[in-house]
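Colleague: Build me a model from this:
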Amino acid sequence: MSNVETEPVEMRCGTVVDGEPSAGTVRVDVLTPRDVPLGGPRAMTVRRTLPQRARTLIGAWCFADHYGPDDVSVTGGMDVAPHPHTGLQTVSWLFSGEIEHRDSLGSHAFVRPGELNLMTGGYGISHTEVSTPRTTILHGVQLWVALPEAHRGTARDFQHHVPEPVRVDGAELRVFLGSLAGVTSPVPAFSPLLGAEITLEPHARVTLAVDPGFEHGLLVDQGTVRLGEVSLRPAELGYVHPGPGSLTLTNESDTTARAVLLGGTPFEEEIVMWWNFIGRSHEDIVRAREEWESHSERFGAVSGYPGDRLPAPALPNAIIAPRRNPPRH
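Modeller: Numbers count the residues shown, from 1 in each chain. Below you'll find the model as predicted:
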């Protein structure tokens, strides 16, 4: 998915490393999203949880849009014209509906509920995303992963994976990246990551063993979910610092609750994120923008979309510089 804001904010990004939680406790920071329209007079509004001032990354997860349930017969749905990406992977995950994906690698695929579509746009790729005519309710998340310096110039790639659901107590898990509850996704990642959908029965409680070297984020989709001792409402994201070896989730609702659990080792590299580009310097962003505007072969071309591609917004009237990581405590 593109960041189609016409005046995107430059992100001076770095991992915020805070103090370790006290023994026996799980510190949870609650992050709330902001609404962002995805362009046009009938724009679909998404809730953007990452990046924000309080936290820019969770592991290598650097972008999280949560949208729907949206009646596309009223809103017009998703229609994102050809647009570029550099230095990242896009992770598409739906709860309902269907999205048609095309990219400059030649991939033509559909995003469906419970199925992972992962696109690697290292050195450069372009793609489109359009909700299909047979979709009534569109509902899901769009996530980005920042690529480490050693891999951010990697070749274009696209992978599709359907994880098998796993039952743990009163929960059902679908692990689409990394490992959880004895299940490991076969989809490779360029840094240690975790991505999983978790569905909880009414008032169910589940404790999951996690990597204590990871930081984690739990994005609640529906219901009220208690993470440790902190209750999270729909669209809120609970951030957990590295340290705990387990996370306890409790559905405080009378109906089924659902959340997406993200995790990874703290991403120590400084990044600059602007529009749909991730680089390491202002010059990286300027070069990527110029090459997109000049129709460079860097991004290739998308076939089959009946319309023009997205123009890049104007650059901010300032040097975009990465923010330095604060020292560990």
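Colleague: Quick one: name whatever helix or strand follows the helix or strand of the chain with the lowest mean pLDDT.
Modeller: Ranked by mean pLDDT, DSSP states H and E, the weakest helix or strand in the chain is strand 11-13, scoring a mean of 36. Heading C-terminal from strand 11-13, the first helix or strand you meet, by DSSP states H and E, is strand 28-31.
Colleague: Surely residue 290 is within a helix?
Modeller: Yes. Applying DSSP: H, G, I helix; E, B strand; the rest coil, one finds residue 290 inside a helix.
Colleague: Angles on the backbone of residue 74, please.
Modeller: For residue 74, the backbone dihedrals (degrees, to the nearest 10) come out as phi -100, psi -40.
Colleague: how much space between it and residue 255?
Modeller: The gap separating residue 74 from residue 255 is 24 Å, by Cβ to Cβ, to the nearest Å. Bear in mind the C-beta positions are built from the backbone N, C-alpha and C, glycine included.
Colleague: Looking at those two, which is more packed in?
Modeller: Between residue 74 and residue 255, residue 255 has the larger neighbour count (other Cβ atoms under 10 Å), namely 12 against 8.
Colleague: Quick one: the helices in this structure, in order.
Modeller: Using DSSP state H, the helices found in the chain span residues 72-75, 282-293.
Colleague: Save those helices as JSON lines, and put in mean pLDDT and distance to residue 176 too.
Modeller: Converted to JSON lines, these look like this (pLDDT from 0 to 100; distance: least, Cβ to Cβ, whole Å):
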{"stretch": "helix 72-75", "mean pLDDT": "82", "distance to residue 176": "24"}
{"stretch": "helix 282-293", "mean pLDDT": "97", "distance to residue 176": "28"}
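Colleague: okay, the ones you listed in TSV with distance to residue 275 next?
Modeller: TSV is the format used below for the helices of the chain (distance: least, Cβ to Cβ, whole Å):
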stretch	distance to residue 275
helix 72-75	23
helix 282-293	8
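Colleague: hey, which of these is tucked in deepest?
Modeller: Mean neighbours per residue, mean count of other Cβ atoms under 10 Å, is largest over the helices of the chain for helix 282-293, with a mean of 18.
Colleague: what's next to it, contact-wise?
Modeller: Residues outside helix 282-293 that contact it (Cβ atoms under 8 Å, 6 or more residues apart in numbering): 84, 86-87, 124, 272, 274-275, 277, 279, 298-299, 311-312, 315, 319-321.
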